[in-house]
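K.L.:
following is a predicted model, sequence given first.
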Amino acid sequence: MPGPALEGFRIIECGDMVSAAYAAKLMADMGAEVIKIEDPVCGDTARQRGPFPGRIPHPEKSGLFLYLNTNKRGITLNLADKRGQAIFQRLITQADLLIHNYHPTRMLALGLEYERLARLNPGLVMTSITPFGLSGPQKDYQAYDLTLWNAGGLCYLNGGGPGSEHLPPLKPFGQQAGFQAGVHAAVASLSALFARFCDGLGQHIDFSVQECLMGISEFAAIMPAYAGQVVVRFTGNKAIRPLDIMECKDGWIYLCCVEEHQWQGFVDIMGNPEWAAEPLFADRLKRAENWDALQLFLEPWVKEQSVNDLYHKAQARRIPFAPVSTM
């Protein structure tokens with residue numbers, strides 16, 4: 001039986017909080033040997049973030065830190081002194097990948113120039129996760145999760161459902177910029193390791209979190225240039241209906257009836273009411289055109305249903321409804 005996908009690879013992780021740690025965690029969970037380096041004085045800031053058992057802070061009991069660091073080995077190392085640098089360089093000579101999320105100024109202060117490290121290990125892949133990349137007018141800017149979600153354009157797009165067009169920009173829960181950066185940085189790092197099979201040489205990956213977040217905005221970033229349109233947050237597709245979020249008696253559900261057989265299945269679930277046969281609702285274009293009228297019939301009926309009951313009835317008829325889940 002073959003071993004884990006990344007068995008035999010050694011990864012050095014440096015930095016703080018989510019992005020580098022999550023990227024390294026993903027690879028550790030796939031079998032790579034990950035050595036996490038922490039500052040000997042304060043350690044990783046994630047140790048100070050909860051949740052904690054009993055809400056009592058403890059550096060060894062942070063839920064965030066424990067989640068981010070499964071299957072890793074850890075050491076403390078002061079990269080700012082000669083002894084720490086000597087140990088670090090020894091580790092680099094035996095590593096396949098160095099991944100970090102130090103700010104560019106901190107990165108240079110610690111001597112993490114790729115050219116210098118590549119002389120020690122020509123096959124080394126180094127992934128530098130920074131807020132705005134290692135070049136450009138914003139490269140020296142500091143940023144946090146809220147800053148980056150706005151810089152990447154996603155707070156402007158985030159949120160949906162009735163009335164959301166009137167809400168201010170919305171940030172998703174938690175450290176989602178760091179997690180998104182971690183996923184994409186892991187993929188970029190694995191791509192570079194795969195490329196190394198061709199010529200035996202490593203490379204330096206300059207990873208901008210802002211660009212990563214802009215890249216997951218689907219077509220929002222390219223619509224102004226290609227179509228002259230500014231994408232707004234989803235409040236329901238006005239060209240096809242029903243395609244919206246509605247309230248049930250015990251929560252919210254996402255309704256999706258974009259194909260005619262799906263609409264007919266939904267009508268069947270509702271007991272084939274007479275209003276559904278009205279010419280106003282004859283096809284999906286008509287239903288979109290007369291959505292205000294259709295809502296008057298749908299909303300009271302949906303409000304009387306339970307989320308799970310309606311969801312399972314829709315699933316049985318191959319209608320892609322989805323509960324709006326809580327955590």
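P.N.:
Nice, thanks for sending it over.

K.L.:
buried residues, stretch 91-106. List them.
P.N.:
91-92, 95-104, 106 (16 or more other CB atoms under 10 Å). No exception for glycine: its C-beta is placed from N, CA and C like everyone else's.

K.L.:
in strands, which of the residues you listed fall?
P.N.:
97-100 (DSSP state E).

K.L.:
can I get the buried residues of stretch 91-106 in TSV with pLDDT and distance to residue 32?
P.N.:
Shown next, in TSV, are these (pLDDT from 0 to 100; distance: CB to CB, whole Å):
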residue	pLDDT	distance to residue 32
91	98	14
92	98	16
95	98	11
96	98	8
97	99	8
98	99	13
99	99	11
100	98	16
101	98	18
102	97	21
103	96	25
104	95	26
106	94	25
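
K.L.:
all helices for the stretch 101-250 of the chain, in order.
P.N.:
Secondary structure of the stretch 101-250 of the chain by DSSP state H, counting those that start in this stretch: the helices cover 104-109, 114-120, 145-151, 154-157, 176-199, 209-215, 223-227.

K.L.:
so which residues make contact with the third one?
P.N.:
Okay, so that is helix 145-151. Outside helix 145-151, the residues that touch it by CB atoms under 8 Å, 6 or more residues apart in numbering are 131-132, 143, 155-156, 158, 169, 171-172, 174-178, 209-210, 213.

K.L.:
return it as PDB; C-alpha atoms alone will do.
P.N.:
The C-alpha trace of helix 145-151 is given here as PDB (Å, rounded to 0.1, in the frame of the first residue of the first chain):
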ATOM      1  CA  ASP A 145      -7.700  40.100   7.800                       C
ATOM      2  CA  LEU A 146     -10.200  43.000   7.600                       C
ATOM      3  CA  THR A 147      -7.700  45.100   5.500                       C
ATOM      4  CA  LEU A 148      -7.100  42.300   3.100                       C
ATOM      5  CA  TRP A 149     -10.700  41.400   2.500                       C
ATOM      6  CA  ASN A 150     -11.400  45.000   1.600                       C
ATOM      7  CA  ALA A 151      -8.200  45.300  -0.500                       C
END
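
K.L.:
other SSEs contacting the host helix or strand of residue 268?
P.N.:
Using DSSP states H and E, the element containing residue 268 is helix 260-269. Under the contact definition 3 or more CB pairs under 8 Å, 6 or more residues apart in numbering; DSSP states H and E, helix 260-269 sits against helix 284-289, helix 307-316.

K.L.:
mind checking how far that helix is from the chain centre?
P.N.:
34 Å (CA atoms, centre = their mean, to the nearest Å).

K.L.:
that one versus helix 307-316: what angle between them?
P.N.:
130 degrees (axes from the mean of the first three to the mean of the last three CA atoms, to 10 degrees).

K.L.:
helix 260-269 - what's its average pLDDT?
P.N.:
Mean pLDDT, computed over helix 260-269, is 96.

K.L.:
repeat that for stretch 294-313.
P.N.:
Mean predicted lDDT for stretch 294-313 stands at 97.

K.L.:
buried sites along it?
P.N.:
Buried residues in stretch 294-313 (16+ other CB under 10 Å): 294-295, 298, 302, 305, 307, 310-311, 313.

K.L.:
now these in JSON lines, with distance to residue 240?
P.N.:
Below are the buried residues of stretch 294-313 laid out as JSON lines (distance: CB to CB, whole Å):
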{"residue": "294", "distance to residue 240": "12"}
{"residue": "295", "distance to residue 240": "14"}
{"residue": "298", "distance to residue 240": "15"}
{"residue": "302", "distance to residue 240": "18"}
{"residue": "305", "distance to residue 240": "22"}
{"residue": "307", "distance to residue 240": "23"}
{"residue": "310", "distance to residue 240": "20"}
{"residue": "311", "distance to residue 240": "20"}
{"residue": "313", "distance to residue 240": "21"}
